[in-house]
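[1] Turn this into a structure:
(one chain, ligands or ions: 1)
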Amino acid sequence: MGLPCFFIRLAGCNLHCRYCDTEYARSGGTEEEISALIDLWKDSRVSLVQVTGGEPLLQPGVYPLMEGLLDAGASVLLETNGSVPLNQVPWKVVKVVDIKTPGSGMEESWHEENLRWLAGYDQLKFVLTSRQDYEWACSQVRRLNLNSYCNVLFSAAWNTLPPSVLADWIVEDRMAVRFQLQLHKVLWGEKTAH
Ligand code: SF4
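    Coordinates of the predicted model:
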């Protein structure tokens, strides 16, 4: 968080989270050549690129896109909703994988086998809407021993759970998770997307 980053947002999503802040990315979009996207990234002069959505793994072209960005020297992050198998994602890509909570309405979407495809530098992320979500997430961290796979992030859903309340809970419970803030919204307001 905090590093300048070039975003490639792929259209389309298979989920319908209650708090979705990128409704515009769930459909539509424009067709682009992979080489053109890589050229745009090069022109940006930013080394870090994030491939996100929608759900980016729904488009088969995402794999040659990630390979092409890596070959061109980019540091590549992939943000995915956790419902699609990660087995084809190149190992050099840092994966930021959601585990959807009951508050999202999509808690059945988590593809648990994805734990097999995580590396220590990847991140598992819970976006939390309530105390009930927080307790559910804590129970998943313990049940699946998630800290043994990679970094675990707890983030507060914007305008739903005050970030300071979540931070207090994490400290009180001594949870070994990283608190995450939607920094772009703090800086530029709630109309900016993740
Ligand atoms: S996975 Fe992301 S883009 Fe899809 S509905 Fe949920 S928040 Fe929106």
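[2] Spell out which residues sit in contact with the residue nearest the centre of the chain, please.
    Among the residues of the chain, Glu79 comes closest to the average C-alpha position under Cα atoms, centre = their mean, at 3.6 Å. By Cβ atoms under 8 Å, 6 or more residues apart in numbering, the contact set of Glu79 is Gln50, Val51, Thr52, Gly53, Pro56, Val96, Asp98, His194. Backbone N, C-alpha and C define where each C-beta goes, glycine included.
[3] redo that, cut-off 10 Å
    Counting by Cβ atoms under 10 Å, 6 or more residues apart in numbering, Glu79 touches 7, 9, 50-56, 94-98, 123, 125, 194.
[4] Return the subset of the residues you listed lying in strands.
    Those of these mapping onto strands are Phe7, Arg9, Gln50, Val51, Thr52, Val94, Lys95, Val96, Val97, Asp98, Gln123, Lys125, per DSSP state E.
[5] Can you tell me how far the second one is from the ligand?
    It stands for Arg9. 9 Å (Cβ to the nearest ligand atom, to the nearest Å).
[6] what comes up buried for the lengthiest helix in the chain?
    Of all segments of type helix in the chain, defined using DSSP state H, the longest is helix 131-143. For helix 131-143, burial by neighbour count (16 or more other Cβ atoms under 10 Å) applies to Asp133, Tyr134, Trp136, Ala137, Cys138, Gln140, Val141.
[7] Between the residues you listed, which sits nearest the ligand?
    Asp133 (14.3 Å; Cβ to the nearest ligand atom).
[8] rewinding a little: give me the distance from the longest helix of the chain to the chain's centre.
    Offset of helix 131-143 from its chain centre (Cα atoms, centre = their mean, to the nearest Å): 18 Å.
[9] so for it, what's the average pLDDT?
    Averaged over helix 131-143, pLDDT sits at 98.
[10] which strands and helices sit next to that helix?
    strand 123-128, strand 151-156, helix 163-173 (3 or more Cβ pairs under 10 Å, 6 or more residues apart in numbering; DSSP states H and E).
[11] picking up where we left off before, what separates the residue nearest to the centre of the chain from Glu172, distance-wise?
    29 Å (Cβ to Cβ, to the nearest Å).
[12] ok, and does the helix or strand bottoming out on mean pLDDT in the chain reach over to the ligand?
    Here the helix or strand of the chain ranked lowest by mean pLDDT, DSSP states H and E is helix 183-188, holding a mean of 87. No - applying Cβ under 6 Å from any ligand atom, one finds helix 183-188 separated from the ligand by no less than 13.9 Å.
[13] Buried residues, that helix. List them.
    Across helix 183-188, burial judged by 16+ other Cβ under 10 Å covers Lys185.
[14] and the chain, which of its residues are near the ligand?
    So the chain meets the ligand at Cys13, Leu15, His16, Cys17, Cys20, Thr22, Ala25, Arg26, Gly53, Gly54, Glu55, Asn81 (Cβ under 6 Å from any ligand atom).
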